[in-house]
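Asks: okay, predicted coordinates and the sequence, questions at the end:
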Protein chains: 2
Amino acid sequence: MALPRYAIGLDVGGTKIAAGVTDAHGEVIAKITPRPCPASEQDAVLTAVLDVIEELRDPYGTAGGVGAIGVGAAGLVDWPQGRIRTAPNSGYRDVPLRALLQDATGLPTVVDNDANTACWAEYRLGHRAPYMAFLTVGTGVGGGVVLADRLFRGSSGIGTEIGHMVVDPYGSQRCGCGTVGCLEALASGTALGRYGGAAAALDPGGTLATLAGGASHVTGETVSAAALQGDPTALAQLERLGHWLGIGIATLVNLFDLQLIVLGGGAAQAGDPLLKPVRASFEHFVTARAHRELPDIVPARLATDAGWMGAALLALEAQGG
Amino acid sequence: MALPRYAIGLDVGGTKIAAGVTDAHGEVIAKITPRPCPASEQDAVLTAVLDVIEELRDPYGTAGGVGAIGVGAAGLVDWPQGRIRTAPNSGYRDVPLRALLQDATGLPTVVDNDANTACWAEYRLGHRAPYMAFLTVGTGVGGGVVLADRLFRGSSGIGTEIGHMVVDPYGSQRCGCGTVGCLEALASGTALGRYGGAAAALDPGGTLATLAGGASHVTGETVSAAALQGDPTALAQLERLGHWLGIGIATLVNLFDLQLIVLGGGAAQAGDPLLKPVRASFEHFVTARAHRELPDIVPARLATDAGWMGAALLALEAQGG
């Protein structure tokens, strides 16, 4: 059988589905406008995913065309089985998504964690190093790690839960996973919005509250927007976020001995007002900093397409493409 | 050339040198009584190491005998270069130990971090799993990680600095590395002695102070000994130590997706009074614990010989043995 030329990639998150078709070089052949993902019904999610696949497959499904499917899914995903053990913000559990999609489409399929697939897209098409970590800072904090030029998955596929490194176990912030002190509870876009909302409540006439239409409406995006305008209150919140991210990155580098850190996700688009405190905190907390080459910490090159593109690339590679 | 039958292994720590001769199956052919290691003079350390090698090589140096040298050394060690970048409690820096030993002995040599070599001995001869971590809890907290049945070293050899995971960045305890909040500052045998000393100062007539001959003399060993006698104050300090170790292990498992955790080093010999709180804390802090198989946390099978034996095994494996 000839190697497939194209793969469909899907990024199935807690709230939306992004998808497209790419070749092995990352050339985008087609993509859909991201659409809402049914949040909690397993059957509804599967139907929505199959709808997207059919839509993208039809025009490119001729011989030599789409020959594989890759899915990046939020949650703990067994590799290579492609079974979703549990997913945040959803009601489904133990979904053998890979098997379900293969049965329904007849196409070879891979299913991996969405941060893993985004990491792989960045490695393949954006910034790369043989040993690197990719962190996505959005609603939560996710990530992937490349070791010796291969995506690292641990013993079962559920490793690199970067957002759940325990960085403040005696703090007061509970993570969505139920534990106190996870990195995600302190360094996500959600946390940034919380920091901004608290600051705005103390300054109801300030830039943050004004931009958001009230302190209670401040989100991570509001803080990033206000920071772009030079608002010192917003900049202080990015500094706080960066401080925690730097702590998490220090532990990652202490453990994995990495050459490069790539920051993606919405919050990372704040640029230097976030990256500078991240770097300062990292350099403060990494051990033996005088005796190591410090890895660069850079913003991701790929934006919101990374999740589905990485999944498609993994699907093609699994077919030898 | 025939494969070497035996290798000399050395464990060169901050304060002592342990060494012996083993074959590829871990049979101990000879070993020395551990002797003090010159703490800060690079030339003196090298002389002491060469003395040990000559002593062990002579009786077993005949054809088919000792054909390789392995060293586990405290500090950051480049792999495979075997250059010691920096070592705790020592004055030497940038020592190309592997090259120096090969030149002086004519034997092929490997030099790795001492916790890595102890981890490898445990994997080869003690408890093992394809994905496992070994933590040694003594003066500091060191460790190694096995991934897919191979010792993981990161991009340059200085990974798995488990003792320097940042677990309490807003705490008050400074680590020997200069950073606040490292696991080692809170979960080493040294920390255990500090906890015990503070408790003993509040209870000068208690078991801890009595055993040690005064609160200021309490060490981690005192606490473990008092705990063996059932002293509730000592047991509480082991619980505190175990709490922090469990937090560090939770982060390790969240990141590396491990199947087994082995605890070695002096403090780990306390047994269940330490292991129970370690397990409880780990289960509390690991993310998504209801959706994963929890790895066993077990005491090391190998004791103080692990460091030199693992180094010798690595040396034999590097020669194809």
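Replies: The structure has been received and is ready for your questions.
Asks: for the rest of this, base every contact and every neighbour count on C-alpha atoms.
Replies: Noted.
Asks: quick one: residues contacting A:Ile84.
Replies: A:Ala73, A:Gly75, A:Leu76, A:Val77, A:Asp78, A:Arg93, A:Asp94, A:Val95, A:Pro96, A:Leu97 (CA atoms under 8 Å, 6 or more residues apart in numbering or on different chains).
Asks: return the backbone torsion pair for A:Val28.
Replies: phi -80, psi 120 (degrees, to the nearest 10).
Asks: number of residues surrounding the residue lying closest to it once chain neighbours are set aside?
Replies: Of all residues not flanking A:Val28 in the chain, A:Thr22 sits nearest, at 4.6 Å (CA to CA, 6 or more residues apart in numbering or on different chains). Around A:Thr22 there are 25 other residues, counting by other CA atoms under 10 Å in any protein chain shown.
Asks: and if you look at A:His291?
Replies: 12.
Asks: quickly note the distance from A:His291 to chain B.
Replies: 6 Å (CA to the nearest CA, to the nearest Å).
Asks: close to chain B: what parts of the stretch 51-200 of chain A are there?
Replies: Contact residues, the stretch 51-200 of chain A versus chain B (CA under 8 Å from any CA of the partner chain): A:85-86, A:130-131, A:147-148, A:153-162, A:164-170, A:177-180.
Asks: check which helix or strand covers the residue nearest to A:Val28.
Replies: strand A:16-23 (DSSP states H and E).
Asks: name the residues of that strand that are buried.
Replies: A:Ile17, A:Ala18, A:Ala19, A:Gly20, A:Val21, A:Thr22, A:Asp23 (16 or more other CA atoms under 10 Å in any protein chain shown).
Asks: so the last one is in contact with A:Gly9, correct?
Replies: No. With the criterion set as CA atoms under 8 Å, A:Asp23 and A:Gly9 do not qualify as a contacting pair; they are 10.3 Å apart.
Asks: what segments of chain A are helices?
Replies: A:42-60, A:97-105, A:114-125, A:183-187, A:189-201, A:207-212, A:220-228, A:232-256, A:272-285, A:306-318 (DSSP state H).
Asks: for the second one, the distance to its chain's centre please.
Replies: Shown here is helix A:97-105, whose average C-alpha point lies 24 Å from the average C-alpha point of the whole chain (CA atoms, centre = their mean, to the nearest Å).
Asks: mind giving me the packing neighbours of it?
Replies: strand A:109-113 (3 or more CA pairs under 8 Å, 6 or more residues apart in numbering or on different chains; DSSP states H and E).
Asks: what do you get for the last one?
Replies: Packing partners of helix A:306-318 (3+ CA pairs under 8 Å, 6+ apart): strand A:6-12, strand A:16-23, strand A:66-73, strand A:109-113, helix A:114-125.
Asks: so what's the spatially closest residue to A:Pro34 that is not a sequence neighbour up against?
Replies: Distance criterion CA to CA, 6+ apart; nearest residue to A:Pro34, sequence neighbours excluded, is A:Ala18 at 4.4 Å. By CA under 8 Å, 6+ apart, A:Ala18 lies in contact with A:Leu10, A:Asp11, A:Val12, A:Ile32, A:Thr33, A:Pro34, A:Arg35, A:Asp305, A:Trp308.
Asks: for the residue nearest to A:Val28, give me its contacts.
Replies: So A:Thr22 contacts A:Tyr6, A:Ala7, A:Ile8, A:Gly9, A:Val28, A:Ile29, A:Ala30, A:Met309, A:Ala312, A:Leu313 (CA under 8 Å, 6+ apart).
Asks: about what we covered before: filter the contacts of A:Ala18 down to just the buried residues.
Replies: Buried, going by 16+ other CA under 10 Å: A:Leu10, A:Asp11, A:Val12, A:Pro34, A:Asp305, A:Trp308, out of the contacts of A:Ala18.
Asks: got JSON lines for those, with distance to B:Gly271 and pLDDT too?
Replies: Converted to JSON lines, these look like this (distance: CA to CA, whole Å; pLDDT from 0 to 100):
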{"residue": "A:Leu10", "distance to B:Gly271": "49", "pLDDT": "98"}
{"residue": "A:Asp11", "distance to B:Gly271": "46", "pLDDT": "97"}
{"residue": "A:Val12", "distance to B:Gly271": "45", "pLDDT": "94"}
{"residue": "A:Pro34", "distance to B:Gly271": "54", "pLDDT": "95"}
{"residue": "A:Asp305", "distance to B:Gly271": "51", "pLDDT": "95"}
{"residue": "A:Trp308", "distance to B:Gly271": "48", "pLDDT": "98"}
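Asks: of all those, which two lie farthest apart?
Replies: A:Val12 and A:Asp305 (11.8 Å; CA to CA).
Asks: about what we covered before: and the strand holding A:Thr22, average pLDDT?
Replies: Confidence for strand A:16-23, expressed as mean pLDDT, is 96.
Asks: same question for stretch A:293-300.
Replies: The model assigns stretch A:293-300 a mean pLDDT of 97.
Asks: please apply the same query to stretch A:117-127.
Replies: Stretch A:117-127 comes out at a mean pLDDT of 98.
Asks: write the ChimeraX selection for whichever of the residues of the stretch 51-200 of chain A next to chain B are buried.
Replies: A single ChimeraX command selects the buried members of those (16+ other CA under 10 Å):
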select /A:85,86,130,131,147,153,154,155,156,157,158,159,160,161,162,164,165,166,167,168,169,177,179,180
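Asks: out of the residues of the stretch 51-200 of chain A next to chain B, which sit inside strands?
Replies: Among those, the ones falling in strands (DSSP state E) are A:Arg85, A:Thr86, A:Leu147.
Asks: give me the pLDDT value at the last one.
Replies: Looking at A:Leu147, its pLDDT reads 98.
Asks: kindly report the same for the second one.
Replies: With respect to pLDDT, A:Thr86 has a value of 88.
Asks: who are the contact partners of it?
Replies: A:Gly75, A:Leu76, A:Val77, A:Tyr92, A:Arg93, A:Asp94, B:His291.
Asks: and these as CSV, adding distance to B:Tyr123?
Replies: Output for the contacts of A:Thr86, formatted as CSV (distance: CA to CA, whole Å):
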residue, distance to B:Tyr123
A:Gly75, 31
A:Leu76, 27
A:Val77, 27
A:Tyr92, 37
A:Arg93, 34
A:Asp94, 32
B:His291, 27
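Asks: now the buried members of those.
Replies: The buried subset of the contacts of A:Thr86 (16+ other CA under 10 Å) comprises A:Gly75, A:Leu76, A:Val77, A:Tyr92.
Asks: the second one bridge partners, please.
Replies: Spelled out, that is A:Leu76. A:Thr86 (DSSP bridges).
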